[in-house]
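[1] give me a model of this one.
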Amino acid sequence: MEHAFELLKDIAFSIIFATLCAHGARLLRQPLIIGYVAGGILLGRHMGLGLVTGSESIELISEIGLLFLLFIIGLEINLKELFRMGPSMITLGLVQFVGCVALGLALYGWFGWGYFKDGVLAGRYDLLYLAVTTALSSTLIVVKLLADKFEVNTTAGRLTVGVLVLQDIWAMLFMAFQPNLLNPEWLAVIRSIGLGLLLTSAAFVMSRHVLNRIFAAAAKKPELVLLTAMTWCFVLAGLAERAGLSKEMGALIAGLSLAAYPYGADVIAKLIGVRDFFVTLFFVSLGLKMPLPEPGLLAGAVGVAIVVVLSRFVTVIPVTALFGNGARIGVVTALNLSQISEFSLVIVALGIGYGHVSQQLQTLVLTSMLMTSVVSTYLIFFNGRIAAGVMKVFGLLRPSQMREKKMREEKFEPEIVLLGCFREGLAFLDKLEQRLPALKAKLLAVDFNQALAGPLQARGFVFRYADLAHAETLEHLGIEKARLVICSLSDTYLKGTTGARLLSQLRRVAPQARFIMTADDARGSEELKKAGALEVAVASESVGSELFTLLQRHPA
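    The predicted model follows:
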């Protein structure tokens, strides 16, 4: 009874501190994962208050979170979509992972990591694990930040997500190889891979011919959908472990087998809350293990972070340039991938269980992951501006191209400026092209999605990249003599600024212009009109009016 009380107390402290630190991370615009780990650090005996005494129990419970995490990652991987990505995507995923592992082996080995027992690392396979784990990027962090910036559907965003999906496949293959790493005989390796393929095939057959009917029947009772999915996850995890594979790999296969079916999204929606609870405990347990930072550990983490960033640049940019996506898209994609995956911690934790690696490696990877997570938050947030700077510094734009671009921009003085080419902005351009095509020669389209440049320029529009959250960017657009500036983005889509603040900056940059803005609601419309807007389009009213018109056209 006393043990149960201590366990309940430890779980309560873990959730409370993780929540408080996660709110702090949110206020500082950092990934919530950092807050969870920070909560564990504050609770631990090494650097914190020592409030959690049963860290082993927390770690044991958190393993359920690992299973759910990998199960949901599997649910989010659509193999059909992966095969549709084409040779460029497959090549990028192959070169990125293999290249980063090779560079890691070379550079970490050159630094001496993995060889000196009294140094940073001491385990037999620390060097290999370090190279593999630092070649993986964080799906959770990257997708969240790209979604916040509305960049998931840009060219760089699609390449980034595609690489992340392929990285998960590479990680799964490595996990199949892990149990036999201490005895790397070809027959054992082939057996592991064969069992993995057999389990995957059996899972897909069961999913197609049996589970789809079970889920269809369970759909009438929502709680049964969740329970059936969890049962499938645990069954595959158990079978994988009995077959000599890892239970985490079984959970991933369970998710893959459900991903292509309609009920996959419903399972994610119902399971994600349960997963978040257990995953939070997993990251808290990592924080509990965090030792006092030593100069050698911090220096090693900085070295790993530098290798991670450089390896992404070396492996990603040449491939994107080779397949015609351009160097700038490659730089942005490399910046997006410049962190270490939470999946890496899973692989290292399994490696410790198998006796492959030392505890020091887990500490180094954890510290490096935290460091790269913080840094990559800013790299992704400013990826467009950083990419432009990198291209200038390294001459990725040839001088002749830069001169032609500058002359073209200097000659063009738009009379009309459209800020934002998202859904509403593109609809506006479509209408203008249909009804007033002569205005195309006088209009400048501005957006942070560089992928729009090619399609819009092919249609005869002049396009320029800009981050509207930064006033200095507006000053370099050459819109000083514009007569009309239209902003199609409301506060919902203006990240890092607001419509009122943007209008104030625009009035200073283009003093002769009149301004048409977009607001989310009537209150926002009034505020923009008071700030000097000539007209304000209210998104909700426009859609509501259109729906009412359609209702009149088709009465009940």
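[2] list of residues touching stretch 439-446?
    Here stretch 439-446 makes contact (Cβ atoms under 8 Å, 6 or more residues apart in numbering) with 412, 414-421, 425, 429, 432-433, 452, 456, 459-466, 468, 477, 479, 482. In short, each C-beta sits where N, CA and C put it, glycine included.
[3] tell me where the stretch 301-450 of the chain has helices.
    Under the criterion DSSP state H, counting those that start in this stretch, the stretch 301-450 of the chain contains helices at 327-336, 342-354, 359-381, 383-393, 399-411, 423-435.
[4] Pro295: which of those is closest?
    Nearest to Pro295, of all the helices of the stretch 301-450 of the chain, is helix 359-381, at 12.3 Å by Cβ to Cβ.
[5] what angle do the closest one and helix 342-354 make?
    On the basis of axes from the mean of the first three to the mean of the last three Cα atoms, to 10 degrees, helix 359-381 is oriented at 170 degrees to helix 342-354.
[6] shift numbering so it begins at 59
    From this message on, residue numbering opens at 59, which makes the last subject helix 417-439.
[7] same for helix 417-439, what does it pack against?
    Judged by 3 or more Cβ pairs under 8 Å, 6 or more residues apart in numbering; DSSP states H and E, helix 417-439 is in contact with helix 90-101, helix 184-191, helix 197-206, helix 353-380, helix 385-394, helix 400-412.
[8] only C-alpha atoms, please: export stretch 338-347 in PDB.
    Provided in PDB are the C-alpha atoms of stretch 338-347 (Å, rounded to 0.1, in the frame of the first residue of the first chain):
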ATOM      1  CA  THR A 338       5.000  13.200 -20.900                       C
ATOM      2  CA  LEU A 339       6.100  10.700 -18.200                       C
ATOM      3  CA  PHE A 340       8.700   9.400 -20.600                       C
ATOM      4  CA  PHE A 341      10.300  12.800 -21.100                       C
ATOM      5  CA  VAL A 342      10.000  13.500 -17.400                       C
ATOM      6  CA  SER A 343      11.900  10.200 -16.700                       C
ATOM      7  CA  LEU A 344      14.700  11.400 -19.100                       C
ATOM      8  CA  GLY A 345      14.900  14.600 -17.100                       C
ATOM      9  CA  LEU A 346      15.200  12.700 -13.800                       C
ATOM     10  CA  LYS A 347      18.300  11.000 -15.200                       C
END
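[9] which residues of the stretch 359-508 of the chain score low on pLDDT?
    Residues of the stretch 359-508 of the chain meeting the criterion pLDDT under 70: 452-469, 508.
[10] mind giving me the domain split of this protein?
    According to automatic domain parsing, the chain comprises the domains 60-450, 457-611.
[11] kindly reformat those as TSV containing mean neighbour count.
    Putting the domains of the chain into TSV (neighbours: other Cβ atoms under 10 Å) gives the following:
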stretch	mean neighbour count
domain 60-450	19
domain 457-611	16
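[12] wait, which of the helices and strands packed on helix 417-439 is closest to Phe126?
    Once the helices and strands packed on helix 417-439 are compared by Cβ to Cβ, helix 400-412 is nearest, at 12.0 Å.
[13] can you list the low-confidence ranges for the stretch 209-358 of the chain?
    210-211, 234, 238-248, 250-251, 277-278, 280, 302-304, 318-324, 327-328, 349.
[14] ends of stretch 473-486, what's the gap?
    Using Cα to Cα, to the nearest Å, the end-to-end distance of stretch 473-486 comes to 16 Å.
[15] show me what it is in contact with.
    With Cβ under 8 Å, 6+ apart as the test, stretch 473-486 has contacts from 208, 487, 497, 500-505, 507, 510, 514, 521, 526, 535, 537, 539-547, 551, 560, 568, 571, 576, 597.
[16] so which of the residues you listed are in strands?
    The strands, defined by DSSP state E, take in 501-505, 521, 542-545, 576 from the contacts of stretch 473-486.
[17] just curious, which of those is nearest to Leu344?
    Among the ones in strands among the contacts of stretch 473-486, Asp505 lies closest to Leu344 (Cβ to Cβ), at 39.4 Å.
[18] what's the nearest residue in space to the closest one that is not next to it in sequence sitting at in phi/psi?
    Counting by Cβ to Cβ, 6 or more residues apart in numbering, Cys479 is the residue found nearest to Asp505 once chain neighbours are left out, at 4.0 Å. Phi and psi for Cys479, reported as degrees, to the nearest 10, are phi -120, psi 40.
[19] likewise Ser195?
    Main-chain torsions, Ser195, degrees, to the nearest 10: phi -110, psi 160.
[20] ok, now how distant is it from Ile398?
    Relative to Ile398, Ser195 is positioned 7 Å away (Cβ to Cβ, to the nearest Å).
[21] what does Thr218 give?
    Separation of Thr218 from Ile398 (Cβ to Cβ): 15 Å.
[22] rewinding a little: would you turn the helices and strands packed on helix 417-439 into JSON lines with distance to Ile148?
    Shown next, in JSON lines, are the helices and strands packed on helix 417-439 (distance: least, Cβ to Cβ, whole Å):
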{"stretch": "helix 90-101", "distance to Ile148": "29"}
{"stretch": "helix 184-191", "distance to Ile148": "20"}
{"stretch": "helix 197-206", "distance to Ile148": "18"}
{"stretch": "helix 353-380", "distance to Ile148": "10"}
{"stretch": "helix 385-394", "distance to Ile148": "15"}
{"stretch": "helix 400-412", "distance to Ile148": "20"}
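[23] closest to Lys67 out of the ones you listed?
    Across these, closest to Lys67 is helix 90-101 (Cβ to Cβ), at 11.1 Å.
[24] what is the orientation angle of the closest one with helix 417-439?
    Counting by the same axes, to 10 degrees, helix 90-101 points 140 degrees away from the direction of helix 417-439.
[25] pull the residues that contact helix 90-101.
    For helix 90-101, using Cβ under 8 Å, 6+ apart, the contacting residues are 71-72, 75-84, 105-110, 198-199, 338, 341-348, 400, 424, 428, 431-432.
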